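J.: no FASTA, just this:
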């Protein structure tokens, strides 16, 4: 039943996207009976800009994921992954310094790392911290807030702290794999919650895929490159439909949303944090460019809400949440969203008070 329901969702997404592309093909005011021409143009520009901004990062992510699948063995992942949970979450939080990826390209990479033997809680820390704790995003934030460089450091520190805390929580309470359609417990080498029976079942159920994977790694360079591109293309089309649907909804909301509402809550302490995190969720801007959006609100909001915007958006936004749901179980995605909302709101308030 879950597989059938998932296929129905895929078909609906495809039909919806096809309808939107048909509407976008018309460039006349009469093609939009529910919007005036200016709003229609704004919708088209926003929709296409989100797609064009995200696709290069998704391509980078799926290519890196395919490279991991074909050229990196499970044993290598387990060898270089810390066994101690404290060291593990710190390792995951800093992994973005070595592999700087946008949030759009993180999901296929993290899913592949978990499937190849990385403990799930470490993968989740990398998923949350990676889009912020990396040199590209730090440089962009520093440039956008040239008159207030402390914002770049505060963003990095808060994102790292939130990801580490959530990783420790996941290590303590997550009993099975967070990935969709994988109901076996985590392997014993990954977490103390795994058991021998779960390990044996996992090995038995996936013996064919492991054998196929070893054949890929033993093949010629040409065959391995072909296999890498095959894995990358499969994941690109899997993630792409969620990206398009997410961009569609985001563009529609941005088109009809009155941004003056944000300014009306700027002087209300609690609402200003909630409003900026909600704005980051709706806007779904890449972490490499959202700092310039935040800087444009510098004369309206204080540093705390701006910091909440800068950290929450790369971790949880609308298009990213749909892509997360394609890879992770619903309970995990909802738990991540709630934890990020609470910890980032509280952390950004504390940092504003202390700075």
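T.: Perfect, I can see it now. This is a predicted model, so every value here is computed, not measured.
J.: what's the least confident helix or strand in this structure, going by average pLDDT?
T.: When each helix and strand of the chain is scored by mean pLDDT, DSSP states H and E, helix 196-205 comes last, with a mean of 43.
J.: Count the neighbours of residue 272 for me.
T.: For residue 272, the count of nearby residues is 20 (other CB atoms under 10 Å). Any C-beta I mention is one placed from the backbone N, CA and C, and that applies to glycine too.
J.: In contact with it: list those residues for me.
T.: By CB atoms under 8 Å, 6 or more residues apart in numbering, the contact set of residue 272 is 265-266, 301-302, 304-305.
J.: got those residues as CSV, with neighbour count, distance to residue 132 and secondary structure columns?
T.: Converted to CSV, these look like this (neighbours: other CB atoms under 10 Å; distance: CB to CB, whole Å; DSSP: H, G, I helix; E, B strand; the rest coil):
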residue, neighbour count, distance to residue 132, secondary structure
265, 18, 25, coil
266, 17, 24, coil
301, 23, 19, coil
302, 14, 20, coil
304, 22, 17, helix
305, 28, 17, helix
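J.: Return the member of the residues you listed nearest to residue 346.
T.: Residue 346 lies nearest to residue 304 out of these, by CB to CB, at 10.5 Å.
J.: hang on, the earlier thing: nearest to residue 45, of the contacts of residue 272?
T.: residue 301 (25.1 Å).
J.: Just want the phi and psi numbers for the closest one.
T.: phi -110, psi 150 (degrees, to the nearest 10).
J.: how about the contacts of residue 272 in TSV, adding distance to residue 239 and pLDDT?
T.: Listed next are these as TSV, based on distance: CB to CB, whole Å; pLDDT from 0 to 100:
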residue	distance to residue 239	pLDDT
265	34	84
266	35	81
301	32	90
302	36	91
304	33	94
305	31	94
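J.: And the helices in the stretch 151-300 of the chain?
T.: Here the stretch 151-300 of the chain has its helices, by DSSP state H, counting those that start in this stretch, at 196-205, 207-218, 221-256, 260-264, 269-283, 290-296.
J.: Quick one: closest of those to residue 92.
T.: helix 221-256 (20.9 Å).
J.: May I see the buried residues of the closest one?
T.: 224, 227-228, 231-232, 235-236, 238-251, 254-255 (16 or more other CB atoms under 10 Å).
J.: measure the residue nearest the centre of the chain to residue 330 for me?
T.: Central residue of the chain (CA atoms, centre = their mean): residue 103, 4.1 Å from the mean position. From residue 103 across to residue 330, the span is 19 Å (CB to CB, to the nearest Å).
J.: Same question for residue 247.
T.: For residue 247, the distance to residue 330 - CB to CB - is 21 Å.
J.: same thing with residue 50?
T.: The separation that residue 50 has from residue 330, given CB to CB, amounts to 24 Å.
J.: What of residue 309?
T.: The separation that residue 309 has from residue 330, given CB to CB, amounts to 26 Å.
J.: So for those two, which sits in the more crowded spot?
T.: Here residue 309 and residue 330 are set side by side on neighbour count (other CB under 10 Å), and the busier one is residue 309, at 28 against 10.
J.: Could you report the neighbour count for the closest residue to the more buried one other than its chain neighbours?
T.: Leaving aside its chain neighbours, residue 309 sits nearest to residue 276 (4.1 Å; criterion: CB to CB, 6 or more residues apart in numbering). Residue 276 has 28 neighbouring residues, counting by other CB under 10 Å.
J.: give the contact list for residue 276.
T.: By CB under 8 Å, 6+ apart, the contact list for residue 276 reads 262, 297, 301, 305-306, 308-309, 312.
J.: try 10 Å
T.: Taking CB atoms under 10 Å, 6 or more residues apart in numbering, we find residue 276 in contact with 262, 265-266, 294, 297, 300-301, 304-310, 312-313, 345, 348.
J.: Same question for residue 50.
T.: Here residue 50 is in contact with 104, 243-244, 246-248, 250-251, 254, 283-286, 318-319 (criterion: CB under 10 Å, 6+ apart).
J.: rerun at 8 Å
T.: The neighbours of residue 50, taking CB under 8 Å, 6+ apart as the test, are 247, 250-251, 284, 319.
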